[in-house]
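A.B. asks: What follows is a protein structure lacking sequence information:
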């Protein structure tokens, strides 16, 4: 199962949206540890998705 | 989730080599830049060598980046911030994980990781476990207390990440672990080859349980080279009636290599997450093709808190000429890690790799799994003593076993040994890393 470049790009767009949303959430809830710490964990998972997909797009592989 | 998918990530695992190398170059530049900017130790090392991130324009340029030795990591951790020192690239409050090396070769090295690094560790293990056929339906038993050592912590989290049910068997003794495997019908096991063999022995000889009749169908070995030694692998597979897979990783590096379910006679390097260079031990030149052994220099391309950039691992490896029938484009190192530069020692003027002795001992029917090698001075000469155990019921074959052992040792290692046959069960048993090679010349 090989993805097309377009399909990869769509996945990457969603990953970037996740990152932006999580970072906005972290800023909005900066005084609520229950949100900021969980967002830190969420962002670590987002980073793994970036390593798996976004790097291929961003480095034009 | 599609459990029938062969690859954890088909995008990276089937990338053609030239694209993988382009990815590696970009990722190397990124981690080099990160280390240069955030670690006092790395910046000073690179400034002294007169190299900056802007100098990296091709894979060829990377060999000019100074290597990092384990001894340097020990020195670093004497500096601030306590206890890691100035290779730390993040504020101390971002560190969530403390691990340390086993200290086999000296003072342990402390390893800080952020939560992102910890996700990365689990991600690396997810690649390897998926390749070995682990799926969410598996119940994985880990017969260790993980303590401060990273391997089975990461195995635990990696197995969870792919959806397995994980049973930590740490507080139990060996017999209780075997009973727990039987009770729960565990399907997979992780451990050091030494201990997995020892468990089988305990089950068979002390409990009357044939481990081959338990429900374990795959075993991932780590921590020692045994699963890459054909005779040891065969013994474990026969004892447990399970597939045995090798894996190599290190605290300072990460889980960088693994055997896949096709068992290609070596291990894939996860080349999307690691850059492996093989360096000629004599000339220092990079070996790019198959057929020649050298020392591994490795970079973890995405590890952030304490970067691993061109780490001199001392592992001896060589590229395999063949690609794997599994379809992964990650290259294979033939026979796995075949030794360590600091384990290979000269005895009577001959280079000796302890793994060669293990291959012989465990290839002889009638000998037990355990053995011990002692090298010592005898006047001006050197002598090697090899202690082995005869399996119960094999004592009447001692003469033929001894003759075969002598011949095979001579053939595989070019050395003569003083052989001592011990009663079965009298040599030390190990749970984690075995210490079977004793070089008394250094005392």
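C.D. replies: Okay, I see it. Note that the coordinates shown come from a computational prediction; the quantities given were computed from them, not determined experimentally.

A.B. asks: what sits opposite the residue positioned nearest the centre of chain B in the beta ladder?
C.D. replies: Nearest to the mean C-alpha position of chain B, counting by C-alpha atoms, centre = their mean, stands residue B:248 at 3.0 Å. Beta-bridge pairing for residue B:248 (DSSP bridges): residue B:257.

A.B. asks: Please report how far it lies from residue B:276.
C.D. replies: Going from residue B:248 to residue B:276 by C-beta to C-beta, to the nearest Å gives 11 Å. All C-beta atoms are positioned from the backbone trio N, CA, C, and that covers glycine.

A.B. asks: list the residues that contact both of those two?
C.D. replies: Shared contacts of residue B:248 and residue B:276 (C-beta atoms under 8 Å, 6 or more residues apart in numbering or on different chains): residue B:256.

A.B. asks: these two touch, right, residue B:13 and residue B:273?
C.D. replies: No. Applying C-beta atoms under 8 Å as the test, residue B:13 and residue B:273 come out as separate, 10.9 Å apart.

A.B. asks: Now list whatever residues contact both of those two.
C.D. replies: residue B:127.

A.B. asks: What is the neighbour count of residue B:314?
C.D. replies: When neighbours are defined as other C-beta atoms under 10 Å in any protein chain shown, residue B:314 has 19 of them.

A.B. asks: Quick one: name the residues of chain A near chain B.
C.D. replies: Within chain A, the positions near chain B by C-beta under 8 Å from any C-beta of the partner chain are A:1-3, A:8, A:40-41, A:43-45, A:47-48, A:51-53, A:55-56, A:59, A:61.

A.B. asks: Distance check, the residue of chain B most remote from its centre against residue B:366.
C.D. replies: For chain B, the residue at maximal distance from the C-alpha centroid (C-alpha atoms, centre = their mean) is residue B:396, at 37.5 Å. From residue B:396 across to residue B:366, the span is 10 Å (C-beta to C-beta).

A.B. asks: ditto for residue B:85
C.D. replies: Residue B:85 is 51 Å from residue B:366, by C-beta to C-beta.

A.B. asks: out of the two, which sits in the busier spot?
C.D. replies: residue B:85 (21 against 18).

A.B. asks: which residues touch the more buried one?
C.D. replies: Residue B:85 makes contact with B:41, B:75, B:76, B:77, B:78, B:79 under the criterion C-beta under 8 Å, 6+ apart.

A.B. asks: How about the fourth one, nearest residue that isn't a chain neighbour?
C.D. replies: Counting by C-beta to C-beta, 6 or more residues apart in numbering or on different chains, residue B:85 is the residue found nearest to residue B:77 once chain neighbours are left out, at 4.2 Å.

A.B. asks: you'd agree the residue nearest to the centre of chain B is up against residue B:337?
C.D. replies: Yes. Residue B:248 is within contact range of residue B:337, at 5.1 Å (criterion: C-beta under 8 Å).

A.B. asks: shared neighbours, the two?
C.D. replies: With C-beta under 8 Å, 6+ apart as the test, residue B:248 and residue B:337 both reach B:257, B:267, B:315.

A.B. asks: Skip ahead from the lengthiest helix in chain A and say which helix or strand is next.
C.D. replies: Criterion DSSP state H: the longest helix present in chain A is helix A:5-28. Counting by DSSP states H and E, the next helix or strand C-terminal to helix A:5-28 is helix A:33-49.

A.B. asks: name the helices or strands packed onto that next one?
C.D. replies: helix A:5-28, helix B:115-131 (3 or more C-beta pairs under 8 Å, 6 or more residues apart in numbering or on different chains; DSSP states H and E).
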